[in-house]
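Visitor: sequence first, then the predicted structure, then my questions.
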Amino acid sequence: MYFKFFMFLFFSINLNASSLAVIVSKDSSIENISKKELSKIFLSKTKKLPNGDKSLTLEYINKKYQSEFYKIVCNKNEKQLKKYWAKMIFTGRGQPPKKLKSIEELISFVQNNKNAISYIPTSHMNDNLKIIMEIR
């Protein structure tokens, strides 16, 4: 019985540690977003946020987070995503989100740009960001 409890506790902690927050600046007028809208934005099928403003999509370079995000939001694995972006770039129909090397740089950019949208681990949230969707 104790074993099951500790296993449950272990997996609960790990699930919470890997949850992602879709974020915008606290100055953004966006309060929430649908998975469909988010998918369109991050797959460059639209260049507009739900409020009509031009979107600036950003990602922290981290395969784990990218893989989790695109699997849940866009229903694409890494191989499908590479193929998708190759086609979009070749045909001139879109570009992938801008990649940033540090999570601090990404957070700073989003905080200071009301049209920026990204996703980060919830553990990195601060008062200058607004969560518009949680991904678990």
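Guide: Looks like it came in fine. Numbers count the residues shown, from 1 in each chain.
Visitor: hey, let's count contacts and neighbours off CA atoms from now on
Guide: Fine.
Visitor: check the most centrally placed residue in the chain and give its pLDDT.
Guide: Centrality entry for the chain: nearest residue to the mean C-alpha point is residue 119, 3.0 Å, by Cα atoms, centre = their mean. pLDDT, residue 119: 98.
Visitor: who's it bridged to?
Guide: residue 22 (DSSP bridges).
Visitor: my guess is it contacts residue 20, does it?
Guide: Yes. Applying Cα atoms under 8 Å as the test, residue 119 and residue 20 come out as touching, 6.3 Å apart.
Visitor: before we move on, the earlier item: ok, now which ones touch the residue nearest to the centre of the chain?
Guide: Residues in contact with residue 119, defined by Cα atoms under 8 Å, 6 or more residues apart in numbering, are 20-23, 58-59.
Visitor: need the max-distance pair from those residues.
Guide: The most widely separated members of the contacts of residue 119 are 20 and 58, with 14.1 Å between them, by Cα to Cα.
Visitor: between those two, which one's more packed in?
Guide: Neighbours per residue (other Cα atoms under 10 Å) separate residue 20 from residue 58, with residue 20 holding more: 23 against 20.
Visitor: find the nearest non-adjacent residue to that one, please.
Guide: In space, and not counting its chain neighbours, residue 20 is closest to residue 121: 4.4 Å by Cα to Cα, 6 or more residues apart in numbering.
Visitor: and the gap between that neighbour and residue 111?
Guide: Using Cα to Cα, to the nearest Å, residue 121 is found at 15 Å from residue 111.
Visitor: right, I'll leave it there.
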